[in-house]
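S.K.: This is the structure alone, sequence omitted:
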């Protein structure tokens, strides 16, 4: 297990050095997106008003408050990524996203895109929204405001993490591995529990 | 008692929601610490450290531990010596939950099932969930509040087994439910299990099971043994904190049970996530309120 402290934007080379089980922290820009943001982008064909190339995105519907023209954070947490799997290949291929941050991981098509273009999935600790909110220094911009709380958010973050590399650019998938290992152990567990 | 001020109940219902979201119970904190000490995988240890930091920040800044403020559940125990007006208490719980949401403020999650319109007040038709029970010999009104997030609630399962399936089928069902849930319920949390009763009662029992302080064993020795065996089985899967692999996959298995029909053996699983939030208020007849867990 290696620990990395990175700075956005991320390069392909930086992403390719990451292996599942590594820990990542980073500083810089993070874009927040969710189900509706991506339905708006991909199904309803709206081009994002800002370049995502080289940046990480996080699956979130943040609690914010608007004071004058400025958005302030209340609570920013992370949601389950599995629901948004179908959008990830295009985020990576078409828009150059280098890291997808969420909880629970995604599936084979996302893993394939990560392998092909050099991107990763970083698992955040779910339920730890207070920590995540603390690491967001500023909400710099909210694009597509009418979609809030599922708009497109630009956050500036500091020491954002710990994030566990759960899907890497070499075909490694931590959740698939853990599940396969649990299944391998299962007959023994059933036997010990007396239910075999 | 005729002039008992029910605003006290409303204020308690509001404070309970906020306290539960911002201040994790001591037993949950201790269970997480013990889990961290027992954990041997380096990645899993980092996950635990992030959990501790999140708890600490919530303590210092009086903020939400988790952004999913869930649906509000109130488990109310009315003492036989507490003169009460149930309809008024019910209204106070709803107004208190809405007041917490609007005043803190935090995201409300209650939503209309068809229009999906969210009133942003955490309540609505049928909500908050309120369970009533009555205690002989007590003169207090005891309210336990649980905010239930969707990551764990969405993993709930229930099955009507038959006597011929035997108790081993129940154990297998509980373990299989855990494995199928994977990282979704933000492990390691409490695995709440209900056994017996009817289809509705069994899920309520599972919910009451997650409301117990972590690791408090069933009073029934055979059920307590089942809890321990299931804990060991679940931790042997290696699924670990946040499903990223590790030695600790659950903090505890709690089982609540009731008698059932001779032809039935229902079982339900209701999981609670690692921030196993709950808060308790004990209201005395003179209007004094004590807060706890």
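M.R.: Arrived safely, thanks for sending. The structure presented is a predicted model; accordingly, all values stated were derived computationally and were not measured.

S.K.: How is chain B partitioned into domains?
M.R.: B:7-22+B:65-149+B:276-292, B:151-272 (automatic domain parsing).

S.K.: The shortest one: end-to-end distance?
M.R.: So that's domain B:7-22+B:65-149+B:276-292. Counting by Cα to Cα, to the nearest Å, you get 19 Å between the two ends of domain B:7-22+B:65-149+B:276-292.

S.K.: ok, it near chain A or not?
M.R.: Yes. In terms of Cβ under 8 Å from any Cβ of the partner chain, part of domain B:7-22+B:65-149+B:276-292 sits within range of chain A, namely B:65-68, B:105-107, B:149. C-betas here are computed from N, CA, C, even on glycine.

S.K.: could the domains of chain B be laid out in JSON lines, adding mean pLDDT?
M.R.: Shown next, in JSON lines, are these (pLDDT from 0 to 100):
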{"stretch": "domain B:7-22+B:65-149+B:276-292", "mean pLDDT": "96"}
{"stretch": "domain B:151-272", "mean pLDDT": "97"}
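
S.K.: So for residue A:115, which of the ones you listed sits nearest?
M.R.: Smallest distance to residue A:115 across those (Cβ to Cβ): 20.0 Å, for domain B:151-272.

S.K.: is chain A contacted by the closest one?
M.R.: Yes. Domain B:151-272 reaches chain A (Cβ under 8 Å from any Cβ) through B:151, B:168-169, B:171-172, B:175, B:179, B:182-184, B:186, B:229-230, B:232-233, B:236-245.

S.K.: so of these, which ones are in helices?
M.R.: Among those, DSSP state H puts B:151, B:168-169, B:171-172, B:175, B:179, B:229-230, B:232-233 in helices.

S.K.: okay, among these, which ones form the most distant pair?
M.R.: The widest separation within these (Cβ to Cβ) is 29.3 Å, between B:151 and B:168.

S.K.: which residue sits closest to the most centrally placed residue in chain A in space, ignoring its chain neighbours?
M.R.: Using Cα atoms, centre = their mean, the residue of chain A that lies closest to the mean C-alpha position is residue A:101, 1.2 Å off. Distances taken as Cβ to Cβ, 6 or more residues apart in numbering or on different chains place residue A:58 nearest to residue A:101, at 4.2 Å, with adjacent residues excluded.

S.K.: which stretch of helix or strand covers the one you found?
M.R.: In this assignment (DSSP states H and E), residue A:58 forms part of strand A:56-59.

S.K.: Partner strands of that strand and their direction?
M.R.: Strand A:56-59 has its sheet partners listed here by DSSP bridges as strand A:23-33 (parallel), strand A:99-102 (parallel).

S.K.: From the rest of the structure, what touches the last one?
M.R.: Defining contact as Cβ atoms under 8 Å, 6 or more residues apart in numbering or on different chains, one finds that strand A:99-102 is touched by A:10, A:15, A:30, A:55-59, A:78-81, A:84, A:88, A:91-92, A:106, A:110, A:119-124, A:163.

S.K.: That one: what's the following helix or strand?
M.R.: Scanning onward from strand A:99-102 (DSSP H and E), the first element met is helix A:108-117.

S.K.: can you pull the contacts of residue 189?
M.R.: Let's take chain A. Applying Cβ under 8 Å, 6+ apart, the residues near residue A:189 are B:175, B:233, B:236-237.

S.K.: The intended chain is chain B.
M.R.: B:152, B:250-251, B:271-274, B:276.

S.K.: Quick check: residue A:49 is in a strand.
M.R.: No. Assigned with DSSP: H, G, I helix; E, B strand; the rest coil, residue A:49 falls outside any strand and is coil.

S.K.: hang on, isn't it packed against residue A:142?
M.R.: No. With contacts counted by Cβ atoms under 8 Å, residue A:49 stays clear of residue A:142, the gap being 10.9 Å.

S.K.: ok, those two, which is more surrounded?
M.R.: residue A:142 (19 against 9; other Cβ atoms under 10 Å in any protein chain shown).

S.K.: Next, the angle from the helix or strand where the more buried one lies to strand A:23-33.
M.R.: Residue A:142 belongs to strand A:136-143 when assigned by DSSP H and E. Note on geometry: by axes from the mean of the first three to the mean of the last three Cα atoms, to 10 degrees, strand A:136-143 and strand A:23-33 are set 30 degrees apart in direction.

S.K.: Partner strands of strand A:136-143, with direction?
M.R.: strand A:152-167 (antiparallel).

S.K.: And the next helix or strand past the strand it pairs with?
M.R.: Downstream of strand A:152-167, the next assigned helix or strand under DSSP H and E is helix A:174-193.

S.K.: While we're on whatever residue of chain A ends up closest to chain B, how confident is the model there?
M.R.: Relative to chain B, the nearest point of chain A is residue A:77 (2.8 Å; Cβ to the nearest Cβ). Note for residue A:77: predicted pLDDT of 96.
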